[in-house]
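Colleague: Just need the structure, nothing else, for what follows:
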Amino acid sequence: MLGFFYAGTTLTSLAWIWVWVGETNGRSTLELLLFFEQGIPVRQWRTYVFPGLDELVSGGGEKAKHYSW
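Modeller: Model (predicted):
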């Protein structure tokens, strides 16, 4: 009976992770920060392209100073 409990909690945990944990492979820390600031849904993280991110990082400007580590 204990095995059914662990199997149920494992399946529930896997479903929760599948829905709520986004794909961050190959993303920079700046991109992850922008995901949360702009409220982009987790399901879109894998294919989302930030418009003007190259200019933000290389071009400077006030917003680039805000995100500099």
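
Colleague: Go ahead and report the secondary structure state at the residue most central in space within the chain.
Modeller: Among the residues of the chain, the one closest to the centroid is residue 22, at 4.7 Å (Cα atoms, centre = their mean). Of the three states, residue 22 takes coil under DSSP: H, G, I helix; E, B strand; the rest coil.

Colleague: What does the pLDDT read for it?
Modeller: Note on residue 22: pLDDT of 83.

Colleague: now do residue 57
Modeller: On pLDDT, residue 57 comes in at 67.

Colleague: try the one 4 residues further on
Modeller: On pLDDT, residue 61 comes in at 53.

Colleague: before we move on, the earlier item: for the residue nearest to the centre of the chain, give its distance to residue 38.
Modeller: 13 Å (Cβ to Cβ, to the nearest Å). Every C-beta, even on glycine, is put in place using the N, C-alpha and C of the backbone.

Colleague: Span of stretch 22-30 from start to end?
Modeller: 15 Å (Cα to Cα, to the nearest Å).

Colleague: how about it: buried residues?
Modeller: Across stretch 22-30, burial judged by 16 or more other Cβ atoms under 10 Å covers 22, 27, 30.

Colleague: again with stretch 34-49
Modeller: Buried-residue list, stretch 34-49, by 16+ other Cβ under 10 Å: 34-35, 45.

Colleague: Low-confidence regions, this structure specifically.
Modeller: For the chain, the stretches with pLDDT under 70 are 56-69.

Colleague: and residue 40, how far is that from residue 14?
Modeller: Distance from residue 40 to residue 14, by Cβ to Cβ: 23 Å.
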